[in-house]
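J.: quick one, what's the 3D model for this:
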Amino acid sequence: MSPFSEKAVSHNGIDANEAREAVRTLLRYMGEDPEREGLNETPDRVCRAWLEMTEGYRMNAEKVLSTTFEGTSDEMIVLKDIEFTSCCEHHLLTFAGKAHVAYLPSKGRIVGLSKLARIVDVYAKRLQVQERMTQQIADAVKTHLNPAGVAVVIEGQHSCMCVRGVRKQGAHMVTSSLHGVFRDNASTRAEFMSLITRRD
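T.: As a prediction, the model looks like this:
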């Protein structure tokens, strides 16, 4: 049940009506009438949308990566082009793009590929900055899988640069976090970069 449905009264200790009133106040601050047709249901929709976009706060990285499988692979495992949408904590505007996650299994333990996509969501679906999100994803894989190495590269386009400020529509931000063999071994790092940049 959505915390903003008729039967729910609070979420995280905040009354649902209080949250809706905050949106109405913001609409009035913009010069709008929150009671006019087209906006009268907007406060409820906004609150529900924000809970959906920030569900990462209610996800647990350890639980996501807790199920591993016995494997014989000692080669790099890469999941690339993981689409994500996050929200910049500075302007509350979205940024979106693709994440590339790789690890080198240790002692034959591997994780289902869907878990790598889910771990991106754990941190993307929060108020974020891309630099921290990249590090958090890499740290989670490193901590819970204990691989010989982990690499994360994220490419993002930020609304806060496209619709306000410098208004640069085509600019993309690229961040990376490398650990273990991906940091220490140039050939391993080069192989990873080759795999994620190759377009078949």
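
J.: where does the chain dip in pLDDT?
T.: Low-confidence regions of the chain, defined by pLDDT under 70, span residues 1-9, 72, 108, 200.

J.: can you pull out the helices in it?
T.: Under the criterion DSSP state H, the chain carries helices at the ranges 16-30, 42-53, 61-64, 113-124, 130-145, 159-162, 181-184, 186-197.

J.: and of those helices, who's closest to Val152?
T.: With Cβ to Cβ as the criterion, Val152 lies closest to helix 130-145 of those, at 4.3 Å. All C-beta spots, glycine's among them, are computed from the backbone N, C-alpha and C.

J.: can you show me the CA trace of the closest one as CSV?
T.: What follows is helix 130-145 as a C-alpha-only set of coordinates in CSV (Å, rounded to 0.1, in the frame of the first residue of the first chain):
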residue,chain,number,x,y,z
GLN,A,130,27.3,10.3,-9.2
GLU,A,131,30.7,10.1,-7.7
ARG,A,132,29.4,8.7,-4.4
MET,A,133,27.0,6.3,-6.1
THR,A,134,29.9,4.8,-8.2
GLN,A,135,31.9,4.3,-5.0
GLN,A,136,29.0,2.8,-3.1
ILE,A,137,28.3,0.2,-5.8
ALA,A,138,31.9,-0.8,-6.0
ASP,A,139,32.2,-1.0,-2.2
ALA,A,140,29.1,-3.1,-1.9
VAL,A,141,30.4,-5.7,-4.4
LYS,A,142,33.8,-5.7,-2.7
THR,A,143,32.4,-6.1,0.8
HIS,A,144,29.8,-8.7,0.1
LEU,A,145,31.4,-10.8,-2.6
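
J.: could you list every helix and strand in contact with it?
T.: Contacts of helix 130-145 with other secondary structure elements, assessed using 3 or more Cβ pairs under 8 Å, 6 or more residues apart in numbering; DSSP states H and E, are made with helix 61-64, strand 94-104, helix 113-124, strand 149-158, strand 173-180.

J.: now do that helix against strand 149-158, angle only.
T.: With axes from the mean of the first three to the mean of the last three Cα atoms, to 10 degrees defining the directions, helix 130-145 sits at 150 degrees from strand 149-158.
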